[in-house]
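Colleague: Got a predicted structure plus its sequence, pasted below:
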Amino acid sequence: MSADVFVLGLDEKNERILRRLPVAAGLRFRPLLTPDELQHGEIDFPDLLDKARQLLDAFDGDPAAIVTYWDFPAAALAPLLCEERGLPHVPLPAVLKCEHKYWSRLEQQTVIDELPAFGIVDLDTDPQPPPGVEFPMWLKPVKGFSSELAFHVRDEEGFADAVAELRDGVGRVGDPFDDALKQVDLPAEIAEVGGAACLAEAELHGVQAAVEGYAWNGDVSVYGALDSVDFPGRSSFLRHQYPSQLPRQTVRRMADVAERVLQRVGFANGTFSVEFFCDPRTGQVCLLEVNPRHSQSHAELFELVDGTANHEIMVRLGLGQQPRFPHRRGRYRIAGRCYLRRFEGDATVTRIPSDDEIADLCEELGGTTVSITPQEGQRLSDLPEQDSYSYELAELVIGAVSEEELEAKYRRCEERLRFEFEE
């Protein structure tokens, strides 16, 4: 007999990955809301919740699981929908404690010391850096998408410019996030701040890395560690690579910190990703961010190295099954999700690589897939969810036998994938 697994924001790429999973035998993956509804434009949280309920009510049968690999609002919708149907899920308060960056920091400081100085910036009346947070610092929404509206601020002038942009844009995600916060009982300090607020944090130093894990049956486990490599001298990601090349003691430290924080917020029955800044020489780590949802962007990296995408864990947890995951059974020893970016400013794209050019390059390199981000004729500033300092041109998933070969394959892609622009 087949079972129906509903996926909030199911897209073609991830559906292909899901169908390759060992657990997929006997499962039907069904879409619940579209990626566009969940990721782009104005977000109406109550409307999305009602629409998802109606779609599930109209379905002839009972869902075996409701899962998602998207950030807010999907990560907050899934617990509500699962709760109503008696399905395994992460408790909504645990999700919100992680997604609200200020609430998350308040929870973290009760169990760890590995976090930066932080505080709320009042965007409405005489915005000032909070006590204890010195320049340089980062300003960011307490809830946002990726690195959107995140600003590295070095002085008072940069602070004022960032505040102006945040004041204009923080409500796009913050206002609907308030609707999600209304679903739970909030501490007074979070109710006062709300979802459309700005957080200031002291600048962190070191190399960026992350651990991915899951909570099951009261236990929190880490199953992988990855590195995040920036473009030299910039704050935009060049690539994420798996497995991490950091020393084992550093990886163990990240896992220990992550487990303590996830236990603290009551995280259960789900997957997570926790990001850090690390000092490889001393093994010291500092927690950057907790993501209380499945990390779909790394699925192909695990598939290339371990032989199975990490979606396997998400689906098993959604079905109420204990996760089982292979280790180092893939074709490659390291894999990276790499980015081609433009830093020179806004422009209209007048040429993108052709399908034939991409196919020839991927066949030549092996273990490589290329996804072009903009369309020909599109203005870069119209691309959704870009960071504050660059525009993404392409995503490259590359498998290699070493970090050196990974970098060589990236350089080959950079040379061969030709874009043209009109300023």
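Modeller: Received the coordinates, thanks.

Colleague: quick one: buried residues of stretch 321-335?
Modeller: For stretch 321-335, burial by neighbour count (16 or more other CB atoms under 10 Å) applies to 323, 325, 330, 332-335. (C-beta placed from N, C-alpha, C; glycine too.)

Colleague: Which pLDDT value goes with residue 1?
Modeller: Per-residue confidence (pLDDT) for residue 1: 60.

Colleague: got it, and the one 4 residues further on?
Modeller: Looking at residue 5, its pLDDT reads 98.

Colleague: what's it sitting at in phi/psi?
Modeller: phi -110, psi 120 (degrees, to the nearest 10).

Colleague: Please apply the same query to residue 152.
Modeller: In terms of degrees, to the nearest 10, the main-chain angles of residue 152 are phi -90, psi 120.

Colleague: That one pairs with what?
Modeller: On the basis of DSSP bridges, residue 152 is bridged to residue 138.

Colleague: want to throw the buried residues of stretch 321-335 into a markdown table with secondary structure and pLDDT?
Modeller: Shown next, in a markdown table, are the buried residues of stretch 321-335 (DSSP: H, G, I helix; E, B strand; the rest coil; pLDDT from 0 to 100):
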| residue | secondary structure | pLDDT |
| --- | --- | --- |
| 323 | coil | 95 |
| 325 | coil | 94 |
| 330 | coil | 97 |
| 332 | coil | 98 |
| 333 | coil | 98 |
| 334 | strand | 98 |
| 335 | strand | 98 |
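
Colleague: give me every residue that touches residue 17.
Modeller: Taking CB atoms under 8 Å, 6 or more residues apart in numbering, we find residue 17 in contact with 299-300, 303, 309, 311.

Colleague: how about 7 Å then?
Modeller: Residues near residue 17 by CB atoms under 7 Å, 6 or more residues apart in numbering: 299-300, 309, 311.

Colleague: Out of those residues, which is nearest to residue 373?
Modeller: Nearest to residue 373 among the contacts of residue 17 is residue 300, at 16.4 Å by CB to CB.

Colleague: State the distance from residue 96 to residue 89.
Modeller: Residue 96 sits 13 Å away from residue 89, going by CB to CB, to the nearest Å.

Colleague: Sorry, wrong one. I was asking about residue 384.
Modeller: Going from residue 384 to residue 89 by CB to CB gives 27 Å.

Colleague: Kindly report the same for residue 108.
Modeller: Residue 108 sits 23 Å away from residue 89, going by CB to CB.

Colleague: likewise residue 185?
Modeller: From residue 185 across to residue 89, the span is 18 Å (CB to CB).

Colleague: Please apply the same query to residue 29.
Modeller: Residue 29 sits 17 Å away from residue 89, going by CB to CB.

Colleague: was I right about residue 386 contacting residue 392?
Modeller: Yes: the criterion here is CB atoms under 7 Å, and residue 386 meets it with residue 392 at 6.3 Å.

Colleague: Mind telling me what element residue 222 is part of?
Modeller: Assessed by DSSP states H and E, residue 222 sits inside strand 219-230.

Colleague: Could you give me the buried positions within the lowest-mean-pLDDT helix or strand in the chain?
Modeller: When each helix and strand of the chain is scored by mean pLDDT, DSSP states H and E, helix 35-39 comes last, with a mean of 92. Applying a neighbour-count criterion of 16+ other CB under 10 Å, one finds 35, 37-39 buried in helix 35-39.

Colleague: Let me know the closest of the residues you listed to residue 60.
Modeller: Of all the buried residues of helix 35-39, residue 37 has the smallest distance to residue 60: 22.5 Å, by CB to CB.

Colleague: which residue sits closest to the closest one, ignoring its sequence neighbours?
Modeller: In space, and not counting its chain neighbours, residue 37 is closest to residue 48: 6.6 Å by CB to CB, 6 or more residues apart in numbering.

Colleague: Please report phi then psi for that neighbour.
Modeller: Given degrees, to the nearest 10, the pair of backbone angles that residue 48 has is phi -60, psi -40.

Colleague: Surely it is in contact with residue 33?
Modeller: Yes: Residue 48 is in contact with residue 33 according to CB under 7 Å; the separation is 6.4 Å.

Colleague: ok so, going back, tell me the one among the buried residues of stretch 321-335 nearest to residue 102.
Modeller: Relative to residue 102, the closest of the buried residues of stretch 321-335 is residue 323; by CB to CB it sits at 31.0 Å.

Colleague: Am I right that the closest one is in contact with residue 317?
Modeller: Yes: the pair residue 323 / residue 317 is scored as a contact, 6.2 Å apart, by CB under 7 Å.

Colleague: So which of the contacts of residue 17 is surrounded by the most neighbours?
Modeller: Within those, residue 311 tops the neighbour count with 28 neighbours, counted by other CB atoms under 10 Å.
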